[in-house]
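**Q** Sharing a model that was predicted from the sequence below.
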Amino acid sequence: MTRRQPRSRRRPGGLATAALALALAAGCTETVTPGRSVDAGDAAVADAGPPDAGPASVVEAHALGLVAIRGGESDALTLDLPGDVVALQVVMVDATDAALLVVTTLEGPDGQRLVDPEAAVDPDLLLGPFPAAAASPNPAVALASGVGGLLAPNSPAVALTPGPWRLRLGAVDALSEAPFDGDVDVTAFVRRGAPLARARLPIHVYCTGAAGLTAATAPDDAALQASLQRAADLLAQAEISLEIMGFSDAVGPASLPAEGGVDSALHALFRQHDAPGTVGVFLVGRLVAPFGTDVAGVAGGLPGPPILAGTTRSGVALSVDIGLSPAATGQVLAHELGHALGLFHTVEPGGLPDPLPDTPDDPDDTTNLMAPRVAEGPQVLTPQQGAVLRAGAALDSP
């Protein structure tokens, strides 16, 4: 685990060439590096590495603008992926915060459907309002209202290929699950070049005063530092170094519902993430489930909106005043960061296993970091989980 001042937020080099086009509207392309902000009209250029270091891995952010959703579905969009594409991450933001959003179709130039609206669905599984998307070869789920996301590939059974990909978005009202009508802001992050063998994950820590933690006291708090070190040690199994970019104070109640939604305290908290290029980590006293039990942590999405500040799902929230040991708190943090970066539970509570063959398929097996419940003892990340984590837009070269 390292703690650094933010790197320079502007580098010479100019705007990257767009390699992805939206058929319905012109998009804006920027090459971005996690840990550095990108302002409107500006571009931060990812490090290319020293000469002869091999092909760089860079992320291009393509602002696709507002996409109309009518009757719960968008028209087909066409994304033209470059020849050196590694991964695609799509982020959808509903300004009304009322819609559950998901990619319902992702179809390649050869007809391969990574997200298949006609995927076979096991009726015994609880898959939410978009069961075919959840049961697809590259599963896609709507975790919370306001912001939706997709990471592809999130399974070794599928791959992206160069050329035109067809994409559709789906949306329902989060309360009634009625088809949603509205406009959704869409950004596509394209990782290209070479897959990351090692990566850094920049985070920014926000303190609400819970457990006496403030931006001034947190850097020297022994219990918090032990938790952060535990999270760093767990992520290091996936060749990911956790990098703390800074600490800030945030406003939030001592206890807040773990469920988000319109005008929710959780969404108001996540909106305070003001450090673009980082994943926000919000320290709260207590997260509470609808039936009153404590929740150790919650992620803003699966995956969450990478390196985007100020959305209603920008980050992860962590309970720091519910009696967990520093080691257990660090484990929860690493687990929630895993969700935010695109990992499912090894087996979801509704019965759906994750798409990775090298993870346990027994819901009672708690040896994996992404098991559905916290347990004492060693926690591992598998090689395939590491590959998914390093594919997302929130990470870059160490």
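**A** Yes, it's here.
**Q** Settle this for me: residue 110 is touching residue 161, isn't it.
**A** Yes: Residue 110 is within contact range of residue 161, at 6.7 Å (criterion: CB atoms under 8 Å). Where you see a C-beta, it was placed from the backbone N, CA and C, and this is true even at glycine.
**Q** More neighbours: these two, which one.
**A** Ranked by neighbour count (other CB atoms under 10 Å), residue 110 and residue 161 place residue 161 first, with 12 against 7.
**Q** and the more buried one, what pLDDT?
**A** In this model, residue 161 is scored at 95, pLDDT.
**Q** One more: residue 344?
**A** According to the prediction, residue 344 has pLDDT 94.
**Q** nearest residue to it other than its sequence neighbours?
**A** residue 354 (4.1 Å; CB to CB, 6 or more residues apart in numbering).
**Q** for residue 230, phi and psi?
**A** Note on residue 230: its backbone torsions stand at phi -60, psi -40 [degrees, to the nearest 10].
**Q** start at 26 instead
**A** With the count now opening at 26, the last piece we talked about shows up as residue 255.
**Q** quick one: it and residue 373, what's the gap?
**A** Relative to residue 373, residue 255 is positioned 25 Å away (CB to CB, to the nearest Å).
**Q** can you check residue 97 too?
**A** Counting by CB to CB, the separation of residue 97 from residue 373 is 23 Å.
**Q** what's the burial count for the spatially closest residue to residue 340 that is not a sequence neighbour?
**A** Nearest residue to residue 340, sequence neighbours excluded (CB to CB, 6+ apart): residue 305, at 2.9 Å. Residues lying near residue 305 (other CB under 10 Å) number 29.
**Q** Show me what residue 305 is bridged to.
**A** When assigned by DSSP bridges, residue 305 has beta-bridge partners residue 229.
**Q** I'd guessed it sits against residue 296; true?
**A** No: the criterion here is CB under 8 Å, and residue 305 misses it with residue 296 at 9.9 Å.
**Q** joint contacts of those two?
**A** Shared contacts of residue 305 and residue 296, defined by CB atoms under 8 Å, 6 or more residues apart in numbering, comprise residue 339.
**Q** how about low-confidence regions in this protein?
**A** Counting by pLDDT under 70, the chain shows low-confidence ranges at 27-80.
**Q** Output the contacting helices and strands for the longest strand anywhere in it.
**A** Scanning the chain for the strand with the most residues, using DSSP state E, yields strand 83-95. In this structure, strand 83-95 packs against strand 53-57, strand 188-198, strand 207-217, with contacts taken as 3 or more CB pairs under 8 Å, 6 or more residues apart in numbering; DSSP states H and E.
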